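Participant: coords please:
(chains A and B)
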Number of protein chains: 2
Amino acid sequence: MQSQFYTLTDYPDGLPDRALFKRETQTLPDLAEGEVRIRNRWLSVDPYMRGRMSGVRTYVEPFEIGKPMEGGAIGEIVESKDPSLNVGDNVSHMGGWRDIAQLPAQGVTPLPDIDVPEQAYLGVLGMPGMTAWTGLNVIAECKPGDNVLVSAASGAVGSLVVQLAKAKGCHVVGIAGSAHKLAWLESLGVEPVSYRERTAQELSDAIKLASPNGIDVYYENVGGICLEAALSQLNEGARIAVCGMIESYNAKTPTPGPSNLSQLVVRKAKMQGFIVADHWSSYPDFLNEVAPQVAEGKLDYKETVKEGLESTPDAFLALFDGGNTGKMLVKL
Amino acid sequence: MQSQFYTLTDYPDGLPDRALFKRETQTLPDLAEGEVRIRNRWLSVDPYMRGRMSGVRTYVEPFEIGKPMEGGAIGEIVESKDPSLNVGDNVSHMGGWRDIAQLPAQGVTPLPDIDVPEQAYLGVLGMPGMTAWTGLNVIAECKPGDNVLVSAASGAVGSLVVQLAKAKGCHVVGIAGSAHKLAWLESLGVEPVSYRERTAQELSDAIKLASPNGIDVYYENVGGICLEAALSQLNEGARIAVCGMIESYNAKTPTPGPSNLSQLVVRKAKMQGFIVADHWSSYPDFLNEVAPQVAEGKLDYKETVKEGLESTPDAFLALFDGGNTGKMLVKL
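Facilitator: All right, here's what the predicted structure looks like:
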């Protein structure tokens, strides 16, 4: 059986060039004991993947040049040499960026028996959802009544953060760009604030208008002027959960940070980065809390879907251009 | 009785001009019930006072233009209308920047009965010492064996942080400027690193040489290239206690922050500001632990002493120019 997959031909400098992603075909070797073969139906593209596109090890190994890229995926077992998984099982795994994956059964997880669309396990009930839940609850220690600010608030992670915070009884402000994203946030009961064509000071003023009682929790996905504006509006004892700083991922030269970091002292605030993988033991707790809300339609989530394996690089690149509302997915 | 004191004639922009500090004389009103009169012997000048020299409330009220300035001081009660304090008592209080203070007894604390020079209660056993201890232990959660980095490591706070960390069994790197400061740090068993004439990258390389196993705890007093260099060397789960960022206190225009804040995510690190006043209930614990070490000469502390009330503004301004080793004091 053949597998089509993407490789990187080189590590990019700045925003990756489309030409760096190369589609290749391989005839898969015979299945070894303990392996399974999966026909993928959904692939995930996520901002964190940019971090794997440099030769430097961060918290995860870099993609290897010329080797199949990886990422979250949902598919169906078509062949199994492991007793724990059977042909026909629907599973999630990390063998994305390809149509047919052949993997050790160890890293392959059957989908839970919950009445949601299967691609939800790449988004609202998957890594992005777990990231939203962990950052808000564990890192930022969000409490009912907190004033919560979220950057990239209409993204896969941010759009869940705002809703989880609303469900907790928080006042929630969401930063986004385009009009339809802001309108969606407003429909969720979130105070929408645009970052477009604004200086940090102007964005700070807009946040103050939207949250006159300051900010107790800031969920950070962006960096740049969003962070600077947020720092200016912190209340005493504020907590900043740093999920990511997409603004800097493609920077060719270092971009300066906020000039007002000393607000951390003035406001006795905490700023903490985290990686969701470290918290995966809490995934069942997350699922118990959030899956019923998704199944009952109480949690609104959006998907931006591109069709076909060949659209995967463009889907990934669109993440850095505001091209997605909610979770960006590729449907095979 | 007359009191001589300093006032601010205006809020400074940038490094305060010496002419903004005005010495004035007042005939003190009769002592009211519950008040005491104190002849000061020692005055403290501290970097945080710069924050009170703007019209903006931060965590403490700004100095009022034309009113006596305030600060830590040690003196002797010369008149008392409060039963808890007697003439001849040696006390610490916040009526500094003056020779004779007249205050409600409430904010006046008799010195503990420990065999140390009385001015130690403005430094190693006072606010700076408590700040060092709190930041290292409570905020940065320093553990034996941690690799600890301290900026402004020969200052009133930093020089205690390095010694408390050494006493805990940590590997300690201290950043300072002049040769005699670096030599003192080395004599304390600290790896000395100079920031002088170095870029952030060069400073980062020097820190790596001094601490090949990375940095678990960074005690931040400075900001600027010190922070950027420290962020580059963080280990996973590192904790940054932000005591202050003296580098920016006199900035007339906002100075950009570090370009590598996303290291907080990559290293899953925490950066937390604090104000020692919030932790003052732990002062007895601090005193129990640290005072015996000072009395027995196990903790080395330096003082830079200026003589006479009229030297107070210059003593304060010298803090921003590396003019002190250890605690800067004014002796009356």
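Participant: ok, and the closest non-adjacent residue to the residue nearest to the spatial centre of chain A?
Facilitator: Ranked by distance to the mean C-alpha position of chain A (CA atoms, centre = their mean), the top residue is A:Pro128 at 4.2 Å. The shortest distance from A:Pro128 to any non-neighbouring residue, by CB to CB, 6 or more residues apart in numbering or on different chains, is to A:Ala156 (4.0 Å). From N, CA and C alone the C-beta is placed, and that goes for glycine too.
Participant: now do the contacts for the one you found.
Facilitator: With contacts defined as CB atoms under 8 Å, 6 or more residues apart in numbering or on different chains, A:Ala156 is in contact with A:46, A:123, A:128, A:324, A:326-328.
Participant: the same query, at a cut-off of 7 Å, please.
Facilitator: The neighbourhood of A:Ala156, defined by CB atoms under 7 Å, 6 or more residues apart in numbering or on different chains, consists of A:123, A:128, A:326-328.
Participant: residue numbers of the stretch 101-250 of chain A in contact with chain B?
Facilitator: Within reach of chain B by CB under 7 Å from any CB of the partner chain, the stretch 101-250 of chain A has these residues: A:223, A:242, A:244-245, A:248.
Participant: by pLDDT, give me the weakest of those residues.
Facilitator: Within these, the minimum per-residue pLDDT falls on A:Ser248 (85).
Participant: for A:Val276, see how far away that one is.
Facilitator: 19 Å (CB to CB, to the nearest Å).
Participant: and A:Gln169, how many neighbours?
Facilitator: Slight slip there: residue A:169 is Gly, not Gln. Using other CB atoms under 10 Å in any protein chain shown, the number of residues around A:Gly169 comes to 10.
Participant: and the closest residue to it other than its chain neighbours, how many neighbours?
Facilitator: Excluding the flanking residues, the one nearest A:Gly169 by CB to CB, 6+ apart is A:Pro144, at 4.0 Å. Counted with other CB under 10 Å, residues neighbouring A:Pro144 total 9.
Participant: tell me how far A:Pro144 lies from A:Trp133.
Facilitator: 16 Å.
Participant: quick one, phi psi at A:Val36?
Facilitator: phi -130, psi 160 (degrees, to the nearest 10).
Participant: distance of it from A:Leu103?
Facilitator: Between A:Val36 and A:Leu103 the distance is 6 Å, computed by CB to CB.
Participant: follow-up on the earlier one: and which of the residues of the stretch 101-250 of chain A next to chain B is nearest B:Thr9?
Facilitator: Ranking these by separation from B:Thr9, with CB to CB as the measure, puts A:Gly223 on top at 40.8 Å.
Participant: quick one: residues contacting that closest one.
Facilitator: Under the criterion of CB under 7 Å, 6+ apart, the contact list for A:Gly223 reads A:245, A:247-248, B:261-262.
Participant: next one: A:Ala210
Facilitator: Shown in contact with A:Ala210 (CB under 7 Å, 6+ apart): A:173, A:191, A:193.
Participant: around the last one, how many other residues sit close by?
Facilitator: For A:Val193, the tally of surrounding residues (other CB under 10 Å) stands at 26.
Participant: contacts only, for the residue nearest to the centre of chain A.
Facilitator: For A:Pro128, the contacting residues are A:156-157, A:160, A:327, by CB under 7 Å, 6+ apart.
Participant: could you list the domains of chain A?
Facilitator: Following automatic domain parsing, chain A resolves into domains at A:2-123+A:302-331, A:127-277.
Participant: any idea how far apart the tips of the shortest one sit?
Facilitator: Looking at domain A:127-277, the gap from its leading to its trailing residue is 9 Å under the measure CA to CA, to the nearest Å.
Participant: quick one: the helices in the stretch 101-250 of chain A?
Facilitator: Listed from the start of the chain, the stretch 101-250 of chain A has helices (DSSP state H, counting those that start in this stretch) covering A:127-134, A:158-167, A:179-187, A:200-210, A:224-232.
Participant: TSV for the ones you listed, including mean pLDDT?
Facilitator: Rendered in TSV, the data for those read as follows (pLDDT from 0 to 100):
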stretch	mean pLDDT
helix A:127-134	97
helix A:158-167	97
helix A:179-187	96
helix A:200-210	98
helix A:224-232	97
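Participant: reformat those helices as a markdown table; add distance to B:Leu209.
Facilitator: Supplementary listing: the helices of the stretch 101-250 of chain A in a markdown table, determined by distance: least, CB to CB, whole Å:
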| stretch | distance to B:Leu209 |
| --- | --- |
| helix A:127-134 | 36 |
| helix A:158-167 | 41 |
| helix A:179-187 | 47 |
| helix A:200-210 | 36 |
| helix A:224-232 | 31 |
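Participant: quick one: average confidence on stretch A:106-115?
Facilitator: For stretch A:106-115, the per-residue pLDDT values average out at 93.
Participant: buried sites along it?
Facilitator: Taking 16 or more other CB atoms under 10 Å in any protein chain shown as the basis for neighbour counts, the residues of stretch A:106-115 that come out buried are A:Val108.
Participant: what's the answer for stretch A:307-320, then?
Facilitator: Using 16+ other CB under 10 Å as the test for burial, stretch A:307-320 gives A:309, A:311-313, A:315-320.
Participant: just the residues contacting it, thanks.
Facilitator: The set of residues that contact stretch A:307-320 without belonging to it, under CB under 7 Å, 6+ apart, is A:4, A:6, A:15-16, A:18, A:21, A:23, A:43, A:45, A:47, A:49, A:97, A:99, A:246, A:249-250, A:306, A:324, A:328, A:330-332.
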